[in-house]
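Trainee: Mind looking at a prediction? Sequence and model below.
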Amino acid sequence: MGRFDDRGAIVTGGALGIGGGCARRIAADGGNVLIVDVNEEAGANTVKEIRSNGGKAEFIAGDVSQQSTAQEMVETAVSSFGRLDLLIQNAYAGADNAGSAVEVEPENWNSGMGLLVGALYLGAKYSVPAMEESGTDPHYEQPPWTGAGRRHGNPPARNVGRIVNMSSVHGLQQAPRSLIYNAGKAAVIGLTKQMAIDFGPLGITVNAIAPGHIVTEKGNANWDEVGNDEGFHLFELHYPVRRTGEPEDIAEAVGFLCSNEASFITGHVLAVDGGLTIQLQENLVMDSKDYILANPDLRTHFDFDRGASRF
Ligand SMILES: NC(=O)c1ccc[n+]([C@@H]2O[C@H](COP(=O)([O-])OP(=O)(O)OC[C@H]3O[C@@H](n4cnc5c(N)ncnc54)[C@H](O)[C@@H]3O)[C@@H](O)[C@H]2O)c1
């Protein structure tokens, strides 16, 4: 029996990248997965792949920053699967929204925050009542009381629902000229804690994941395009585990947070970053200096002017 058998799940931005990995993970564990994404072709392909591996998946096209999409995705999940248990809020467009507060235009701020933060509010707004309506995981049986714990009154609701919001290491630490992304991902952490407090009594846990650099289909193509293997290797060396991540690394963490075994974990921000954010910055800078001096042809953000760094 799979740990998500007969459970209904929504994965936003599940057509590609991290969301694709999450959709595959949940389906492989028996869950019914609704992928919501603006990329119809990639969404259809991921659904096809999941089904060809024996999993259950559906797709709807939509922009999750729109209220109508949030409503439609919840209605579709409930009508297709009979219940909603898991909500993975992951979609992001990676639009060109670099800049400081001086540089960012109000319309980019509004659309960026609408997707990074507003979509997560909308997703929860419509999903939580549907999770409550669906009730506890149909396969869950409250374990008999062993006497090892202590409880006053009736057992509280457990395993009614799980929400996992995708933040980033950029929500924990800031990079230059990335106001929208960094402020948005930090807001995801605040929103996650607020939802954890509000929905805990309903048996719904809400957690965030802060991924480090995850090489997705798109990320791989970007690295190919710039042809900067030494630069990529510098990225890898920044990680104590000496590698960057893969969508499956995040999907495994999502799977755990969605499991019944994680019912006492809520409001947590789980960094899944190979140790990137635990390091002392000044040592990292000095180690990078050695690598850069040993590789004089190395190109960095400064050379590419990709908007990430500027003194
Ligand atoms: N890849 C990384 O290194 C990394 C690191 C930290 C955090 N993250 C976060 O993880 C999440 C996924 O990132 P990824 O790298 O897999 O991205 P990706 O670009 O590979 O995939 C994102 C998916 O979201 C979809 N999408 C974009 N805008 C949408 C919208 N408005 N409505 C519905 N779907 C939409 C895209 O079509 C795509 O399928 C994002 O929230 C991102 O900020 C990624």
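Mentor: Cool, got the structure.
Trainee: residues near S79, how many?
Mentor: Using other Cβ atoms under 10 Å, S79 is surrounded by 9 other residues. Yep, even glycine has a C-beta here, placed from its N, CA and C like the rest.
Trainee: next one: phi and psi at it?
Mentor: Backbone torsions for S79, taken as degrees, to the nearest 10, come to phi -70, psi -30.
Trainee: Also K56?
Mentor: Here K56 shows phi and psi, under degrees, to the nearest 10, equal to phi -120, psi 120.
Trainee: and the residue lying closest to it once chain neighbours are set aside, what are its bridge partners?
Mentor: Closest residue in space to K56, ignoring its immediate chain neighbours: N32 at 4.6 Å, by Cβ to Cβ, 6 or more residues apart in numbering. For N32, the beta-bridge partners are G8, K56 (DSSP bridges).
Trainee: Correct me if wrong: A262 contacts N159.
Mentor: No - the criterion here is Cβ atoms under 8 Å, and A262 misses it with N159 at 9.4 Å.
Trainee: of these two, who's got more company?
Mentor: Neighbours per residue, other Cβ under 10 Å: of A262 and N159, the larger number sits with N159, 23 against 17.
Trainee: That one should be in a helix, yeah?
Mentor: No - per DSSP: H, G, I helix; E, B strand; the rest coil, N159 lies outside any helix segment and is coil.
Trainee: mind listing what it touches?
Mentor: Going by Cβ atoms under 8 Å, 6 or more residues apart in numbering, N159 touches 136-137, 140, 203, 260, 263.
Trainee: what do you get for I180?
Mentor: Contacts of I180 were listed using Cβ under 8 Å, 6+ apart, and they are 97, 99, 104, 108-109, 112-113, 116.
Trainee: Can I get stretch 140-154 in PDB? Just the C-alpha atoms.
Mentor: Provided in PDB are the C-alpha atoms of stretch 140-154 (Å, rounded to 0.1, in the frame of the first residue of the first chain):
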ATOM      1  CA  TYR A 140      -5.500   6.300   8.900                       C
ATOM      2  CA  GLU A 141      -6.300   4.600  12.100                       C
ATOM      3  CA  GLN A 142      -5.600   6.400  15.400                       C
ATOM      4  CA  PRO A 143      -3.000   4.200  17.100                       C
ATOM      5  CA  PRO A 144      -4.200   2.700  20.400                       C
ATOM      6  CA  TRP A 145      -3.000   4.700  23.400                       C
ATOM      7  CA  THR A 146       0.000   3.000  24.800                       C
ATOM      8  CA  GLY A 147       0.200   4.900  28.000                       C
ATOM      9  CA  ALA A 148       3.500   6.500  26.900                       C
ATOM     10  CA  GLY A 149       1.800   9.800  26.000                       C
ATOM     11  CA  ARG A 150      -0.700  11.900  28.000                       C
ATOM     12  CA  ARG A 151      -3.800  13.400  26.700                       C
ATOM     13  CA  HIS A 152      -6.700  15.400  28.100                       C
ATOM     14  CA  GLY A 153     -10.100  15.200  26.400                       C
ATOM     15  CA  ASN A 154     -10.900  13.800  22.900                       C
END
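Trainee: Right, I'll call it a day here.
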